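# take this sequence and fold it.
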Amino acid sequence: TVLLFIRELSELDSNNFVQNAGVGEREGRVLSRLVRDRHFGLSHGIGRSGDISAVQPKAAGSSLLCKVCNFLVKDALRVAGLLDVGY
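So this is what the prediction gives:
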């Protein structure tokens, strides 16, 4: 299902590694299980050096989800008739 896919992606982000205690400015730390579940564990920041679409190596799952979402939105815009959407 889609939920399982999103949860699997969140496990690719370094802030969700069991053995990791990240202290970076983009690494999310969530204490509440309710909040973690609500956001599928996706609390790591994406982007690099001012480029929001750049892949963040420590956030592989979030970066991949961002790429998939961008592709789906561009495809929806193309289907809606906007042909120059930067594929």
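# any low-confidence regions in this structure?
Low-confidence segments of the chain (pLDDT under 70): 18, 20-27, 86-87.
# for it, identify the residue most remote from the centre.
If you look at how far each residue of the chain sits from its centre, by Cα atoms, centre = their mean, the farthest one is Gly81, at 27.5 Å.
# do I have it right that Val85 meets Arg78?
Yes - in this structure Val85 lies within contact range of Arg78 using Cβ atoms under 8 Å: 5.9 Å. Backbone N, C-alpha and C define where each C-beta goes, glycine included.
# any idea how far Ser49 is from Asn15?
Applying Cβ to Cβ, to the nearest Å, the value for Asn15 to Ser49 is 19 Å.
# the more surrounded of those two?
Asn15 (22 against 5; other Cβ atoms under 10 Å).
# from what I see, the more buried one and Leu42 are in contact.
No - counting by Cβ under 8 Å, no contact exists between Asn15 and Leu42, whose distance comes to 9.4 Å.
# shared neighbours, those two?
Shared contacts of Asn15 and Leu42 (Cβ atoms under 8 Å, 6 or more residues apart in numbering): Gly28.
# biggest helix in this structure, by residue count?
When the chain is parsed with DSSP state H, its longest helix is helix 60-79.
# how about it: buried residues?
For helix 60-79, the neighbour count (16 or more other Cβ atoms under 10 Å) marks 60-63, 65-66 as buried.
# that one packs against which elements?
For helix 60-79, the elements it packs on are helix 2-10, judged by 3 or more Cβ pairs under 8 Å, 6 or more residues apart in numbering; DSSP states H and E.
# which residues touch the helix it packs on?
Residues from elsewhere that reach helix 2-10 (Cβ under 8 Å, 6+ apart): 16, 40-42, 61-62, 64-65.
# what's the answer for stretch 37-48, then?
The set of residues external to stretch 37-48 that reach it, using Cβ under 8 Å, 6+ apart, is 3, 6-7, 9-11, 13-16, 25-30, 36, 52-56, 58-59, 61-63, 65-66.
# rerun at 10 Å
3, 5-16, 22, 24-30, 32, 35-36, 52-67 (Cβ atoms under 10 Å, 6 or more residues apart in numbering).
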